[in-house]
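K.L.:
Fold the following, please.
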Amino acid sequence: MMENSNQKWIEQPLSKIVTGLAVLFALVAAISLPSFVENFFLADAVMIGGKRYDINDVKKTSPVAFSKFQTEYQSLVKNTLSEFAQDKLFELVAKEKNIKPSEVLSQGFVATEPSNEEIQAVYTQYKPQFGGKSLAEVRDQIIKVLKNQQEQQHNQGVYKEIVTKYPVEFKLREIEQVRVSVETKGNPSTGKEGAKITIIEFSDFECPFCKRSQDVNRRLREKYKDDIQWVFRDFPLPFHENAMYAHMAANCSIPQNKYWDVFQVLFENSGNLSPGNVDYLVTKAGLNAEKYQACMKDKKKLQAEIDSDIEDGQKVGVNGTPAFFINGIFVSGALPFENFDEIIQKELNK
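P.N.:
Residues are numbered from 1 along each chain as shown. Modelled structure (predicted):
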């Protein structure tokens with residue numbers, strides 16, 4: 001199985017990568033990538049008490065760590081090949097036009113002077129960032145930024161023309177999916193129970209990346225509806241001083257059947273979750289204040305439930321948020337919609 005993902009590469013700028021030479025050597029030497037990867041990484045090992053351990057042992061004992069390794073390695077391979085492909089494209093076009101590769105993107109670009117309206121619009125939009133300086137004081141700086149934007153737009157247009165003429169297609173070995181058994185343990189869920197897809201999310205109401213991921217999560221639930229059961233498990237990080245209280249408050253909304261209302265309002269206010277504001281937000285979301293305060297008094301019980309979620313997450317390798325398990329397949333971080341969608345599609349088509 002091979003991955004074909006050239007469109008996303010076309011739309012995103014490519015950065016210089018100086019690592020991954022071993023992979024390129026393998027390609028030049030006509031060694032198959034899968035066999036090279038296996039031989040290359042199984043040659044790496046650690047000796048503990050005279051016994052040898054390699055990446056297969058990591059796979060057996062820590063499948064989440066193995067999944068992270070695979071994802072990061074594949075990203076390195078793709079970045080390395082992307083840089084190689086970009087240089088080759090510029091060489092092709094430069095030869096065709098009899099110019100230097102470094103001139104390919106800039107050829108034909110002539111910056112135009114921004115209008116007074118454009119300059120004023122930028123100044124108005126970013127006035128707080130200018131530290132009280134007048135328009136006259138930052139005018140040259142704004143003009144420079146606007147001209148730079150013109151150049152970037154020109155470069156992107158040229159680049160799209162190049163990859164249209166010389167198509168780029170990545171052939172990457174599909175990552176081996178390692179499944180981890182993660183229990184739901186009666187935690188709050190939305191969607192159809194027993195759906196073909198179960199997504200378990202370990203998250204933190206005070207985590208900015210978790211907040212960012214909610215837009216993608218919402219889109220997935222809207223698209224797949226009853227095909228997904230979405231389960232939320234608490235994972236407040238220790239360095240987020242207000243997270244534990246927010247998670248306790250959310251759990252106190254369960255008896256009042258308001259969990260997902262509170263869930264939404266807490267993430268909307270993720271950067272402002274002082275205990276006092278949390279109390280205000282949950283009552284604003286519809287909780288009976290008296291019942292809520294009574295529930296919050298049993299801190300020992302509430303924290304024990306949250307600690308149980310944290311412990312279960314740590315057992316399967318969760319050490320940061322957000323972390324997801326799609327039918328047991330680990331996905332780490334606030335990734336784009338397409339990353340989740342691809343896995344879900346494959347699971348549904350089985």
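K.L.:
Domain ranges for this protein, per the record?
P.N.:
2-99, 114-165, 189-348 (automatic domain parsing).
K.L.:
In JSON lines: these, plus mean neighbour count and mean pLDDT.
P.N.:
Backbone N, C-alpha and C define where each C-beta goes, glycine included. Listed next are those as JSON lines, based on neighbours: other C-beta atoms under 10 Å; pLDDT from 0 to 100:
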{"stretch": "domain 2-99", "mean neighbour count": "14", "mean pLDDT": "70"}
{"stretch": "domain 114-165", "mean neighbour count": "13", "mean pLDDT": "94"}
{"stretch": "domain 189-348", "mean neighbour count": "18", "mean pLDDT": "96"}
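K.L.:
ranges for the strands of the stretch 101-250 of the chain?
P.N.:
172-173, 189-191, 197-203, 228-234 (DSSP state E, counting those that start in this stretch).
K.L.:
Output those in CSV; the columns should cover distance to Pro63.
P.N.:
Formatted as CSV, the strands of the stretch 101-250 of the chain follow (distance: least, C-beta to C-beta, whole Å):
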stretch, distance to Pro63
strand 172-173, 18
strand 189-191, 23
strand 197-203, 15
strand 228-234, 18
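K.L.:
Between these, which one is closest to Ser270.
P.N.:
Nearest of those to Ser270, taken as C-beta to C-beta: strand 197-203 at 10.5 Å.
K.L.:
Figure out how far that closest one is from the centre of its chain.
P.N.:
From the chain centre to the centre of strand 197-203 is a distance of 15 Å (C-alpha atoms, centre = their mean, to the nearest Å).
K.L.:
List the contacts of that strand.
P.N.:
Strand 197-203 is contacted from outside by 182, 184, 210, 213, 217, 220, 224, 227-235, 309, 313, 318, 321-327, 344, 347-348, using C-beta atoms under 8 Å, 6 or more residues apart in numbering.
K.L.:
tell me the angle it makes with strand 228-234.
P.N.:
Interaxial angle, strand 197-203 versus strand 228-234 (axes from the mean of the first three to the mean of the last three C-alpha atoms, to 10 degrees): 20 degrees.
K.L.:
CA atoms of strand 197-203 as PDB?
P.N.:
Output of strand 197-203 as PDB, limited to C-alpha atoms (Å, rounded to 0.1, in the frame of the first residue of the first chain):
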ATOM      1  CA  ILE A 197     -16.100   4.000  15.000                       C
ATOM      2  CA  THR A 198     -15.200   4.800  18.700                       C
ATOM      3  CA  ILE A 199     -13.000   7.800  19.300                       C
ATOM      4  CA  ILE A 200     -11.700   8.300  22.800                       C
ATOM      5  CA  GLU A 201     -10.300  11.700  23.500                       C
ATOM      6  CA  PHE A 202      -7.900  12.500  26.400                       C
ATOM      7  CA  SER A 203      -8.000  16.200  26.800                       C
END
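K.L.:
Give me the sheet partners of that strand and which way each runs.
P.N.:
Partner strands for strand 197-203, per DSSP bridges, with pairing direction: strand 228-234 (parallel), strand 323-326 (antiparallel).
K.L.:
Give me the contacts around the last one.
P.N.:
Outside of strand 323-326, the residues that reach it under the criterion C-beta under 8 Å, 6+ apart are 180, 182, 197-203, 235, 313, 316, 330-333, 340, 343-344, 347.
K.L.:
Out of the strands paired with strand 197-203, which is closest to Asp279?
P.N.:
Comparison of those against Asp279 by C-beta to C-beta identifies strand 228-234 as nearest, at 18.3 Å.
K.L.:
For that closest one, report the contacting residues that lie outside it.
P.N.:
For strand 228-234, the external contacting residues (C-beta under 8 Å, 6+ apart) are 184-185, 187-195, 197-203, 217, 220-221, 247, 250-251, 263, 305-306, 309-310, 312-313, 344.
K.L.:
tell me the residue furthest from the middle of this structure?
P.N.:
Farthest-out residue of the chain from its mean C-alpha position, per C-alpha atoms, centre = their mean: Asn98, at 41.3 Å.
K.L.:
that older thread, dump the domains of the chain to TSV, plus distance to Lys171.
P.N.:
What follows is those, written out as TSV (distance: least, C-beta to C-beta, whole Å):
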stretch	distance to Lys171
domain 2-99	5
domain 114-165	16
domain 189-348	16
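K.L.:
And these: which comes nearest Glu174?
P.N.:
Of all those, domain 2-99 sits nearest to Glu174, with 6.0 Å by C-beta to C-beta.
K.L.:
Ok, which of the strands paired with strand 197-203 comes nearest Ser82?
P.N.:
Distance to Ser82, taken as C-beta to C-beta, is lowest for strand 323-326 among the strands paired with strand 197-203, at 26.0 Å.
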